[in-house]
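Colleague: quick one: sequence plus predicted model below, questions after.
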Amino acid sequence: MTEHSGRTGQLDGTDGDDDSPYSLAWLGLREPADARARAGELLGPLRDRLPGTGPAVIRDLGCGSGSMGRWLAGQLPGPQHWVLYDREAGLLDHAREHLPATAADGAPVSVQTRECDLTLLTADDLAGASLVTASALLDLFTLAEVERLVAACVSSGAPALLTLSVLGEVDLSPADPLDAEIVAAFNAHQRRGSGDQRLLGPDAVDATAEAFRRLGATVQVRPSPWRLGPAEAELAAQWLRGWVGAAVEQRPELAAPAAAYLERRLAAAAAGELRVVVGHADLLATYG
């Protein structure tokens, strides 16, 4: 999910209007936590795969507000041309206007945007890419959509850096008796749908890695957890509201106990007493 894929649904548990998965307010709030979480150890193998001459063409799928470009463009050398894909024109405009102008070595960075539904991308859409990248995207895809995306990446011959996919792992401290039930209900919500339309949710990283390996890619997966403490209390509070809301949407009978649970957790966050680890993983696929 792109920060945004074009499919409606919670991202890492967020919901609502002003703080929805696709609002600039929410995306701005989570961007520092995303940047700290990303698996920097994958950058070395990635740099080795980029072209030595000419601009690297980087296709950023579900760019949202452009946080991947702001994080990555300044860590890669050489001229870069970013092609940003999203379904929301407003997000594309923001991302285009706020991408860095230069790469790690001062080389120029250019940008263009494409408004589209990411679930319909084909190999032709990714042709000519030097790198395909995305954040928080895979968990809102079905298995068929992931397999189509993987096939398109492999066909392009470009490495794929797919980051911050949820794993369904949440650790809250101090513990609460309702933690496990909320985690299970939220994960079931992430896997909502049936048959061919069931979303992968926490199964997305394993499914994507398997799909790449079947097509001959070398896959590296590294943890990229959010670690939220007192300094991230505002982000933790917004995340909690959406996370618990999705759990209740999945299991309405949890409404009353979940409301009391949320009140306890928000109070702990406001008091600087809550710490949360939200499991994500980053995946790098390369060839040859």
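Modeller: It's in.

Colleague: can you pull out the helices in the protein?
Modeller: Secondary structure of the chain by DSSP state H: the helices cover 24-37, 43-47, 67-72, 89-98, 123-126, 143-156, 179-190, 204-214, 233-250, 255-270.

Colleague: out of those, which is the most enclosed?
Modeller: For the helices of the chain, the largest average neighbour count (mean count of other CB atoms under 10 Å) is found in helix 67-72, namely a mean of 23. From N, CA and C alone the C-beta is placed, and that goes for glycine too.

Colleague: what mean pLDDT does that helix get?
Modeller: Average pLDDT, helix 67-72: 97.

Colleague: need the residues that contact it.
Modeller: Contact with helix 67-72 is made by 3, 27, 31, 34-35, 38, 58, 60, 63, 82, 84, 95, 98-100, 111, 133-135, 161, 163, as judged by CB atoms under 8 Å, 6 or more residues apart in numbering.

Colleague: over to stretch 127-136?
Modeller: Residues from elsewhere that reach stretch 127-136, judged by CB under 8 Å, 6+ apart: 1-3, 11-12, 34, 46, 49-51, 56-62, 64, 67-68, 72, 126, 153, 155-156, 158-166, 280.

Colleague: hang on, His98 packs against Gly66?
Modeller: Yes. Using CB atoms under 8 Å, His98 is in contact with Gly66, at 5.4 Å.

Colleague: hang on, the earlier thing: out of the contacts of helix 67-72, which sit inside strands?
Modeller: Among the contacts of helix 67-72, DSSP state E puts 58, 60, 82, 84, 111, 133-135, 161, 163 in strands.

Colleague: determine which two of the residues you listed are furthest apart.
Modeller: Val111 and Thr163 (19.1 Å; CB to CB).

Colleague: where in this structure is the helix or strand with the lowest mean pLDDT?
Modeller: Lowest mean confidence among the helices and strands of the chain (mean pLDDT, DSSP states H and E): helix 123-126, at a mean of 93.

Colleague: check which helices and strands that one sits against.
Modeller: Counting contacts by 3 or more CB pairs under 8 Å, 6 or more residues apart in numbering; DSSP states H and E, helix 123-126 is packed against helix 143-156.

Colleague: gap between Val205 and Gln197?
Modeller: Taken as CB to CB, to the nearest Å, the spacing of Val205 relative to Gln197 amounts to 20 Å.

Colleague: my bad, should have said Asp105
Modeller: Applying CB to CB, the value for Asp105 to Gln197 is 45 Å.

Colleague: quick one: Ala103 and Ile58 touch, right?
Modeller: No. With contact defined as CB under 8 Å, Ala103 does not reach Ile58; the gap is 10.5 Å.

Colleague: which neighbours do the two share?
Modeller: With CB under 8 Å, 6+ apart, Ala103 and Ile58 have common neighbours 73, 80.

Colleague: give me the more crowded residue out of those two.
Modeller: Ile58 (25 against 20; other CB atoms under 10 Å).

Colleague: who's the more buried one bridged to?
Modeller: Listed by DSSP bridges, the beta-bridge partners for Ile58 are Trp82, Leu131.

Colleague: list the contacts for it?
Modeller: The contact partners of Ile58, by CB under 8 Å, 6+ apart, come to 69, 72-73, 80-83, 129-133.

Colleague: separation between it and Ala152?
Modeller: To Ala152, Ile58 is 15 Å away according to CB to CB.

Colleague: Leu138 versus Thr208, what's the distance?
Modeller: According to CB to CB, Thr208 stands 5 Å off from Leu138.

Colleague: same question for Arg47.
Modeller: Counting by CB to CB, the gap from Arg47 to Leu138 is 23 Å.

Colleague: between Thr208 and Leu138, which contacts overlap?
Modeller: Joint contacts of Thr208 and Leu138 (CB under 8 Å, 6+ apart) are 146, 162, 165, 283.

Colleague: pLDDT value on the first one, please?
Modeller: Among the per-residue scores, Val146 shows a pLDDT of 97.

Colleague: ditto for the one 10 residues further on
Modeller: On the pLDDT scale, Ser156 is placed at 93.

Colleague: contacting residues for the closest residue to it other than its chain neighbours?
Modeller: Closest residue to Ser156 apart from its sequence neighbours, by CB to CB, 6 or more residues apart in numbering: Leu126 at 4.2 Å. If you count contacts by CB under 8 Å, 6+ apart, Leu126 has them with 59, 132, 152-153, 155-156, 158.

Colleague: including distance to Gly288, could those residues go into CSV?
Modeller: Shown next, in CSV, are the contacts of Leu126 (distance: CB to CB, whole Å):
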residue, distance to Gly288
Arg59, 20
Val132, 16
Ala152, 18
Cys153, 14
Ser155, 14
Ser156, 13
Ala158, 12
